[in-house]
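[1] Sharing a model that was predicted from the sequence below.
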Amino acid sequence: MLLLLMTQLLYLYRDQAVVRHTIAAVCEHIGCTVEPVRNPGMISLSNRAFTEVELEAGLYRLQLGLVNQAKLAQSFPQIEISLVDSNGTIQARNRFRAADYLPSDIVRNPMAPGEEYLASIILKSSAANVSGFMVDFL
């Protein structure tokens, strides 16, 4: 019964630094791994630039500065980009994995707390009236 209670407490507080280190130490001995935390709500944009690529209609470059505001390292998020017109109507939408917007040597490790990562995404849309974008972290 005590073991069950301890297991439930470890699960409940698994995102706390001390608990994660304890779980990682136990996993090291029994051959399992602890995946990084996933908390997309703790990722913020530090900067953004949306430009149309010259000489090619419908091609856009989106550059984003991503910052992990969490106290622990976490996985890079999927990013959902929606291209919108001047009325806010969605003209195109796509999702991107970390490997799509970051170099492979960066993606191998989780996002460190407080660090900024520069993402670059090329978007193509056949809609002629794209004037902006929306970003969601998943």
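    Thanks, I have it.
[2] which helices and strands does the helix ranked longest in the chain pack with?
    As assigned by DSSP state H, the longest helix anywhere in the chain is helix 17-30. Packed against helix 17-30 by the contact rule (3 or more CB pairs under 8 Å, 6 or more residues apart in numbering; DSSP states H and E) you find helix 2-12. All C-beta atoms are positioned from the backbone trio N, CA, C, and that covers glycine.
[3] Lowest average confidence across helices and strands of this structure, where is it?
    Comparing every helix and strand of the chain by mean pLDDT, DSSP states H and E singles out helix 2-12 as the least confident one, with a mean of 72.
[4] wait, Y117 sits on V107?
    No - using CB atoms under 8 Å as the test, Y117 is too far from V107 to be in contact (9.6 Å).
[5] can you list residues touching both of the two?
    Counting by CB atoms under 8 Å, 6 or more residues apart in numbering, the residues touching both Y117 and V107 are F76.
[6] So these two - more neighbours on which side?
    Higher neighbour count among Y117 and V107: Y117, with 20 against 16, using other CB atoms under 10 Å.
[7] re earlier: could you list every helix and strand in contact with the least confident helix or strand of the chain?
    Under the contact criterion of 3+ CB pairs under 8 Å, 6+ apart, helix 2-12 touches helix 17-30.
[8] Just the angle for the helix it packs on relative to helix 2-12, thanks.
    Using axes from the mean of the first three to the mean of the last three CA atoms, to 10 degrees, one finds that helix 17-30 and helix 2-12 are set 120 degrees apart in direction.
[9] quick check, distance from helix 17-30 to the centre of its chain.
    The chain centroid and the centroid of helix 17-30 are separated by 24 Å under CA atoms, centre = their mean, to the nearest Å.
[10] right, and S46 touches N68 too?
    No - with contact defined as CB under 8 Å, S46 does not reach N68; the gap is 10.7 Å.
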